[in-house]
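J.: this one's sequence-less:
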């Protein structure tokens, strides 16, 4: 699999909103006793620009860990291709043993998601989507699987280019040619 080259998104001119997904107290056992520290998983995003990123930070205090997580997330921003209020097509993102299924939803449905998936979806600015988290419930795996699913979304221009046709010849979602029972188009 070839490595894709993505250009870094500048976080200074974006209206980023941060959301802490999980905070975990971790200990390291040393000769003198236990060293306590905190690990924070943070999701940042700009709903208007459809940009999202995640990061982790570790420190002796919770606010310092969150601050480090935000800085790491700002270095890890991605552009996501979505419609006005929902996603273009169903996708399944995988990371480790965690899987996240995202399906488009009609207006008025809202975000049907829980925990880490909801944080990522709201950071991107998607208003109507159905989700299902399968397998691992570890927040790190779920966030990474959700972002992997969102990265699989392609815009209409890319799909038209891959198929070698013009954008206006692409069918819009839900406008398929009606078929009779045999699978052939109706006359």
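T.: Nice, I can see it. Please read these numbers as outputs of a predicted model, since none were measured by experiment.

J.: what ranges do the helices span in the chain?
T.: Counting by DSSP state H, the chain has helices at residues 62-74, 115-124, 139-151, 156-163.

J.: Switch those over to CSV; also include mean neighbour count and mean pLDDT.
T.: Every C-beta, even on glycine, is put in place using the N, C-alpha and C of the backbone. What follows is the helices of the chain, written out as CSV (neighbours: other C-beta atoms under 10 Å; pLDDT from 0 to 100):
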stretch, mean neighbour count, mean pLDDT
helix 62-74, 19, 94
helix 115-124, 24, 92
helix 139-151, 23, 93
helix 156-163, 12, 78
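
J.: Just send those helices back as CSV, with distance to residue 27 too.
T.: Converted to CSV, the helices of the chain look like this (distance: least, C-beta to C-beta, whole Å):
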stretch, distance to residue 27
helix 62-74, 14
helix 115-124, 23
helix 139-151, 18
helix 156-163, 47
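
J.: Mind checking these for the one nearest to residue 87?
T.: Nearest of the helices of the chain to residue 87, taken as C-beta to C-beta: helix 139-151 at 7.8 Å.

J.: helices or strands next to that closest one in the packing?
T.: Helices and strands touching helix 139-151, by 3 or more C-beta pairs under 8 Å, 6 or more residues apart in numbering; DSSP states H and E, are strand 17-30, strand 33-46, strand 51-59, strand 77-79, strand 91-95, strand 98-104, helix 115-124, strand 129-135.

J.: what's in contact with the lowest-mean-pLDDT helix or strand in the chain?
T.: Lowest on mean pLDDT, DSSP states H and E among the helices and strands of the chain sits helix 156-163, with a mean of 78. Contact with helix 156-163 is made by 81, 88, 154, 166-167, 169-170, as judged by C-beta atoms under 8 Å, 6 or more residues apart in numbering.

J.: Show the buried residues in these.
T.: Neighbour-count burial (16 or more other C-beta atoms under 10 Å) applied to these gives residue 81.

J.: Looking at the contacts of helix 156-163, which has the smallest pLDDT value?
T.: Here the lowest pLDDT out of the contacts of helix 156-163 sits on residue 170, with 70.

J.: Dead centre of this protein: give me the residue that sits there.
T.: Ranked by distance to the mean C-alpha position of the chain (C-alpha atoms, centre = their mean), the top residue is residue 147 at 3.0 Å.
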